[in-house]
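**Q** show me the folded form of this:
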Amino acid sequence: MARSIRVGYGEHITNQGQNNSDIILLEADLADSTQSEPFQKAFPDRYFQIGIAEQNMVGMAAGLSLEGKLPIVNSFAAFIAMRACEQVRTDVAYPNLNVKFVVSHAGVSAGSAGPTHHTYEDIAIMRSIPNMTVCVPGDVREMRQVIDSALENHGPYYVRISAIDIEDTYQKSDKFSLGKATQLSDGDDLTIITTGTMMHEGKEIVTNLKKDGINARLLQMASIKPIDRDAILKAAEETEKIFTIEEHNIIGGLGSAVAEVLAEANTGVLNRFGFNDSFCDIGGDPAFLLDKAGLSSTKLTKQILESIK
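**A** Below you'll find the model as predicted:
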């Protein structure tokens, strides 16, 4: 059954709030959208509605961290990564403060809100900031483990989640570990590396390729920074051909991070799939927008088959 990662986040952070009285949530007039409302109802004295003032919100989070609290900043990905980028960099990352950014509506999952709310640049921006950890979970199960990692480890985290409902691809036995990929299927013909909800498309692509006698390895790379160099290099050695799939510009995101690893080791053959240095110039249903960008499992399977002929 498809589940909302946002709803799962609201439930999980509220449960964690019961275990840690230092957790404080800050919201920028988007409580219903980011699903931070359960925390607000459970802990009204630890929840601050800042309004549409994201830059101020990040500065407040920095101050709360200096006082020993564990602030979590909630908003849309576009508004934190771009509107408040200077404050994220200078107020939080530069002094390496323990502030967590949990952002929703990443990629084109803002749907009909349109290009102003879509976010294809944020992974590139955030992973270039020193001290920043960047994670992109793909379903509710993986998100819970990523949030737990953020709460347990010191320093700024950028956790990017989608606004769409999606079935769990992560199995109960799958474990997220910071700096490590999760192998969801094995194969020796080629490797597909996904991040975020693209792991669901990746799973379907693996099934599609099997019909053509191609055994594909599927790695879910929720940890973008730090990235799993060992898994990437092992895939290059054992399958040579690697395909990255992301709901992000191919410049600066997962594909670029994997390319950096391969280039430094002088190995592997890489193809990157994502938004090809372009905006999605319309709003609409996220599934339609992804298909329009060539990021549906059907179109991706076709592109992969064409590239290995």
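**Q** looking only at pLDDT, what's the mean for whichever strand or helix holds residue 12?
**A** Using DSSP states H and E, residue 12 falls within helix 5-19. For helix 5-19, mean pLDDT is 95.
**Q** how much space between residue 98 and residue 209?
**A** 43 Å (Cβ to Cβ, to the nearest Å). Every residue, glycine included, has its C-beta placed from N, CA and C.
**Q** how close does residue 72 get to residue 80?
**A** Taking Cβ to Cβ as the measure, residue 72 falls 12 Å from residue 80.
**Q** do residue 199 as well
**A** Remark: distance between residue 199 and residue 80 (Cβ to Cβ) = 23 Å.
**Q** and if you look at residue 232?
**A** For residue 232 relative to residue 80 (Cβ to Cβ), the value is 28 Å.
**Q** could you do residue 139 as well?
**A** Distance from residue 139 to residue 80, by Cβ to Cβ: 22 Å.
**Q** ok, the two, which is more surrounded?
**A** Neighbours per residue, other Cβ atoms under 10 Å: of residue 139 and residue 80, the larger number sits with residue 80, 28 against 25.
**Q** now the helices for the stretch 1-150 of the chain?
**A** 5-19, 31-34, 37-42, 54-66, 77-78, 85-87, 122-127, 140-152 (DSSP state H, counting those that start in this stretch).
**Q** overlap of the contact sets of residue 72 and residue 80?
**A** residue 101 (Cβ atoms under 8 Å, 6 or more residues apart in numbering).
**Q** what separation do you get for the residue lying closest to residue 147 once chain neighbours are set aside and residue 161?
**A** In space, and not counting its chain neighbours, residue 147 is closest to residue 12: 5.8 Å by Cβ to Cβ, 6 or more residues apart in numbering. In this view, residue 12 and residue 161 are 11 Å apart by Cβ to Cβ.
**Q** who has more neighbours, these two?
**A** Neighbours were counted for residue 12 and for residue 161 using other Cβ under 10 Å; residue 161 has more, 31 against 18.
**Q** check contacts around the more buried one.
**A** Contacts of residue 161 by Cβ under 8 Å, 6+ apart are 5, 6, 9, 102, 103, 104, 106, 136, 137, 143, 196.
**Q** relative to residue 150, how far out is it?
**A** 12 Å.
**Q** what sits in contact with each of these two?
**A** Residues touching both residue 161 and residue 150 comprise residue 102, with contact defined as Cβ under 8 Å, 6+ apart.
**Q** now do the same contact list for residue 114.
**A** Residue 114 neighbours (Cβ under 8 Å, 6+ apart): 282, 283.
**Q** so what does it look like in phi/psi?
**A** phi 90, psi -180 (degrees, to the nearest 10).
**Q** could you do residue 170 as well?
**A** Given degrees, to the nearest 10, the pair of backbone angles that residue 170 has is phi -60, psi 130.
**Q** how is the protein carved up into domains?
**A** As assigned by automatic domain parsing, the chain contains the domains 3-166, 182-307.
**Q** could you redo those as CSV and give each row distance to residue 173?
**A** Converted to CSV, those look like this (distance: least, Cβ to Cβ, whole Å):
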stretch, distance to residue 173
domain 3-166, 10
domain 182-307, 10
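**Q** of these, which is nearest residue 176?
**A** Residue 176 sits nearest to domain 3-166 of all these, at 3.8 Å, using Cβ to Cβ.
**Q** the longest strand along the chain pairs with which strands?
**A** If you go by DSSP state E, the chain has its longest strand at strand 241-249. Using DSSP bridges, strand 241-249 pairs in its sheet with strand 190-194 (parallel), strand 269-275 (parallel).
**Q** brilliant, that's me finished.
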